[in-house]
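*Asks:* next one to model:
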Amino acid sequence: MEPLSGYRKLGEQHYREVVGRYYEEFTVGDLVEHRPGRTVTELDNVLMSMLSMNDAPLHIDAAYSAHTPWGRPIVSSLVTLSIVGGMTARSTSGRTIANLGWESIRLTHPVFTGDTLYARSETLAKRLAKSRPGQGIVTSRTTGTNQEGATVLVFERSFLVPLRGHGLDELADY
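*Replies:* Model prediction:
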């Protein structure tokens, strides 16, 4: 894998931040660790649970959750998936034209408020899109871990990315 700079040089000592990668910049087997980590707050859990209409007391009612094996609310899986998935966008799918699907989503360890999540993504496959010239499909597996290194989430995702010369950088002044 070529080093990912995260910047495009515009001129002498003049750079612009970039997000994501072009199709050519993905190599099967590449592993990217996403940073910074993200500490989950109670606001994250309650707000996202309500936004997604998930009002299960397991996630939002501390008195109810005190009677569960964990003794406290568990962060909603939708919150965990959103945070870990979002952590990956900058270095993987930031140039995505379309998110094509999520598969094999596994929640392997509970997440609680105060946990700090980290993520890493491995490129599993890539191929040129048959019906979309100038675009390719990349599949990656993302693993989310907590501050103790326990795996909390694993999923695979496929997304459509442009080839070099077919992106929106020039049109959007990126």
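
*Asks:* the residue positioned nearest the centre of the chain in helix, strand or coil?
*Replies:* Residue closest to the average C-alpha location in the chain (Cα atoms, centre = their mean): Gly85, at 2.3 Å. Three-state call for Gly85 (DSSP: H, G, I helix; E, B strand; the rest coil): helix.

*Asks:* residue contacts, it?
*Replies:* Thr142, Phe155, Arg157 (Cβ atoms under 8 Å, 6 or more residues apart in numbering). Any C-beta I mention is one placed from the backbone N, CA and C, and that applies to glycine too.

*Asks:* of all those, which comes closest to Leu58?
*Replies:* Comparing these against Leu58 with Cβ to Cβ places Phe155 closest, at 21.0 Å.

*Asks:* and for that closest one, the neighbour number?
*Replies:* Using other Cβ atoms under 10 Å, the number of residues around Phe155 comes to 20.

*Asks:* measure it to Thr116 for me?
*Replies:* Distance of Phe155 to Thr116, given as Cβ to Cβ, to the nearest Å: 19 Å.

*Asks:* so where's this structure uncertain?
*Replies:* 1-4 (pLDDT under 70).

*Asks:* try 80
*Replies:* Counting by pLDDT under 80, the ranges of the chain that qualify are 1-5.

*Asks:* how far does stretch 124-140 sit from its chain's centre?
*Replies:* Computed by Cα atoms, centre = their mean, to the nearest Å, the chain-centroid distance of stretch 124-140 equals 19 Å.

*Asks:* for it, measure first residue to last.
*Replies:* 5 Å (Cα to Cα, to the nearest Å).

*Asks:* how about stretch 90-98?
*Replies:* End-to-end for stretch 90-98, by Cα to Cα: 15 Å.

*Asks:* for stretch 33-47, list the C-alpha coordinates in PDB.
*Replies:* Extracted in PDB, the C-alpha atoms of stretch 33-47 (Å, rounded to 0.1, in the frame of the first residue of the first chain):
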ATOM      1  CA  GLU A  33      -6.400   1.400  12.000                       C
ATOM      2  CA  HIS A  34      -8.800   4.300  12.400                       C
ATOM      3  CA  ARG A  35      -8.000   7.000  14.900                       C
ATOM      4  CA  PRO A  36      -8.900   8.900  17.000                       C
ATOM      5  CA  GLY A  37     -10.900   6.700  19.300                       C
ATOM      6  CA  ARG A  38     -14.300   7.800  20.400                       C
ATOM      7  CA  THR A  39     -15.500   7.700  24.000                       C
ATOM      8  CA  VAL A  40     -19.300   6.900  24.100                       C
ATOM      9  CA  THR A  41     -21.300   9.300  26.200                       C
ATOM     10  CA  GLU A  42     -24.700   8.900  27.800                       C
ATOM     11  CA  LEU A  43     -25.900  11.600  25.500                       C
ATOM     12  CA  ASP A  44     -24.700   9.600  22.400                       C
ATOM     13  CA  ASN A  45     -26.700   6.600  23.600                       C
ATOM     14  CA  VAL A  46     -29.900   8.300  24.600                       C
ATOM     15  CA  LEU A  47     -30.000  10.700  21.700                       C
END
